[in-house]
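Trainee: What follows is a protein structure lacking sequence information:
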């Protein structure tokens, strides 16, 4: 990868705690529907018989039926100026671009038309991707000299692995999305990175299986692309398919042993499959490489806490809270950690912060109610927090049991019995508590 290609993945993303390199294709300026429509009218006025959409593709594929090699390109005018730019200028730019494309196609025996609103497309027989890139540079230069406008261009060629001829124009569209990252006036030939971007977009839409298909195909083009292997592992992890997820992350580590995201992700798979010692080892390796990743600090601290090492957990959870000051979960576990380390005042502060950041945090409310009771706070305040936690999470046996203890300590025996019985039904062993309440009720009734 070039430095610029590698920079495409500088943005870290997370999904359900897995880490992946987020493809950053930049932001397209919003062009109003009216401007696109007006530009389209100007184009069709200049070329009334212009082929468009499926008609263009059907005609081109029929013409290229016997061709063993061809390329396709998709062209979009860049929105460089302010939104106030006149629609007439947009129309003039599209028409000027069409004239240049028409001339190039005449010279190269190509076929062109409108793919969809605002996009022009061309097919070039016997041209490879690099050869078509040369044509695109010529077109970009000529358009800029004539109109001071720029265009971005996506290019794809046939044959490319197992793609059919009918797939090539769509591949050019994916290359155009890829070109967006490089800014106005860019041209990109379809490759594994184009598919990684396409997979990323499908992932963001929740189409995980479609993303997996794109990423697997990307590996056919670029078998050693660590970003693709890592993204594929994340997709499998999200689906709960931990074996192929682990294989993907292990592959990344074999290619780049210092890739902290893959080390962390493999550790997360181990944690989710109850291999906690192995998970901790990988978390610590990842943290040593990158100590500024919230997810790594958070999960390391959380795992230390689960393993009973509250003192070790404390440093990681405190760092996580600094790295993501709006992360309520970090403060909740920081509260648990401080409570386990016999730091009640600091634990209260952490739980209060967690609830402020997430008013639906039932776990922090339940814990805070118990801490307040231990500190001798007003009984109504302690009950308020524990009741609220049960309202938010009525199927949580622990929260029910805690509320039952508060009721019992305040001699509200009927309410305590009800909560203990509910906790018992939900799987908490509250048999002794139930017996204790019933015994006291019998004693008071006698």
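Mentor: Yep, that arrived. Bear in mind that the values here come from a model prediction, so they are computed numbers and not experimental data.

Trainee: Could you point out the helix or strand that follows whichever helix or strand residue 157 is part of?
Mentor: Residue 157 belongs to strand 151-158 when assigned by DSSP states H and E. On the C-terminal side of strand 151-158, the nearest following helix or strand under DSSP H and E is helix 168-180.

Trainee: helices or strands up against that next one?
Mentor: Helices and strands touching helix 168-180, by 3 or more Cβ pairs under 8 Å, 6 or more residues apart in numbering; DSSP states H and E, are strand 70-77, strand 119-125, strand 151-158, strand 187-189, helix 192-204. Just so you know, the C-beta spots here come from the backbone N, C-alpha and C atoms, and that holds for glycine as well.

Trainee: Can you redo the ones you listed as JSON lines, where the extra columns are mean neighbour count and distance to residue 306?
Mentor: Shown next, in JSON lines, are these (neighbours: other Cβ atoms under 10 Å; distance: least, Cβ to Cβ, whole Å):
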{"stretch": "strand 70-77", "mean neighbour count": "27", "distance to residue 306": "51"}
{"stretch": "strand 119-125", "mean neighbour count": "25", "distance to residue 306": "53"}
{"stretch": "strand 151-158", "mean neighbour count": "26", "distance to residue 306": "48"}
{"stretch": "strand 187-189", "mean neighbour count": "24", "distance to residue 306": "46"}
{"stretch": "helix 192-204", "mean neighbour count": "23", "distance to residue 306": "29"}
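
Trainee: For those, give me TSV that also has mean pLDDT and distance to residue 357.
Mentor: Below are the helices and strands packed on helix 168-180 laid out as TSV (pLDDT from 0 to 100; distance: least, Cβ to Cβ, whole Å):
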stretch	mean pLDDT	distance to residue 357
strand 70-77	98	41
strand 119-125	97	44
strand 151-158	98	41
strand 187-189	98	41
helix 192-204	95	24
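
Trainee: Isn't residue 357 up against residue 330?
Mentor: No. With contact defined as Cβ atoms under 8 Å, residue 357 does not reach residue 330; the gap is 9.1 Å.

Trainee: So which of those two has more stuff around it?
Mentor: Neighbour totals were compared for residue 357 and residue 330, and residue 330 leads with 28 against 18 (other Cβ atoms under 10 Å).

Trainee: could you list every residue that touches that one?
Mentor: 294, 298, 317, 320, 321, 324 (Cβ atoms under 8 Å, 6 or more residues apart in numbering).

Trainee: So it belongs to a helix, correct?
Mentor: Yes. The assignment for residue 330 by DSSP: H, G, I helix; E, B strand; the rest coil puts it in a helix.

Trainee: now it: how far from residue 337?
Mentor: Residue 330 sits 10 Å away from residue 337, going by Cβ to Cβ, to the nearest Å.

Trainee: any shared contact partners between those two?
Mentor: residue 317.

Trainee: Flag the shaky bits of the stretch 301-446 of the chain, pLDDT-wise.
Mentor: 446 (pLDDT under 70).

Trainee: Show me where it has its helices.
Mentor: In the stretch 301-446 of the chain, the helices defined using DSSP state H, counting those that start in this stretch lie at 310-323, 328-340, 344-357, 362-374, 379-392, 397-409, 413-425, 431-445.

Trainee: just the angle between the second one and helix 344-357, please?
Mentor: Helix 328-340 and helix 344-357 meet at an angle of 160 degrees, taking axes from the mean of the first three to the mean of the last three Cα atoms, to 10 degrees as the criterion.

Trainee: Repeat that for the last one.
Mentor: For helix 431-445 against helix 344-357, the angle by the same axes, to 10 degrees is 100 degrees.

Trainee: Equivalent analysis for the fourth one, please.
Mentor: Here helix 362-374 runs at 140 degrees with respect to helix 344-357, directions being taken by the same axes, to 10 degrees.

Trainee: Also the first one?
Mentor: Inter-element angle recorded for helix 310-323 and helix 344-357: 40 degrees (by the same axes, to 10 degrees).

Trainee: list the helices and strands helix 310-323 packs on?
Mentor: Counting contacts by 3+ Cβ pairs under 8 Å, 6+ apart, helix 310-323 packs against helix 294-306, helix 328-340.

Trainee: got a list of contacts for it?
Mentor: Taking Cβ under 8 Å, 6+ apart as the rule, helix 310-323 contacts 287, 291-294, 297-298, 300-305, 327, 330-331, 333-334, 337-338, 340-341, 350.

Trainee: buried ones in it?
Mentor: Buried residues in helix 310-323, counted by 16 or more other Cβ atoms under 10 Å: 310, 312, 313, 314, 316, 317, 318, 319, 320, 321, 323.

Trainee: of all those, which comes closest to residue 404?
Mentor: Lowest distance from residue 404 to the buried residues of helix 310-323 (Cβ to Cβ) belongs to residue 310, with 25.9 Å.

Trainee: ok, the closest one to residue 337 distance?
Mentor: Counting by Cβ to Cβ, the gap from residue 310 to residue 337 is 5 Å.

Trainee: Same question for residue 223.
Mentor: If you go by Cβ to Cβ, the gap between residue 223 and residue 337 works out to 43 Å.

Trainee: Which one's more surrounded, the two?
Mentor: The neighbour comparison of residue 223 against residue 337 (other Cβ under 10 Å) goes to residue 337, with 27 against 12.

Trainee: hang on, isn't the more buried one packed against residue 300?
Mentor: No. Contact criterion Cβ under 8 Å: residue 337 and residue 300 do not qualify, at 11.9 Å.
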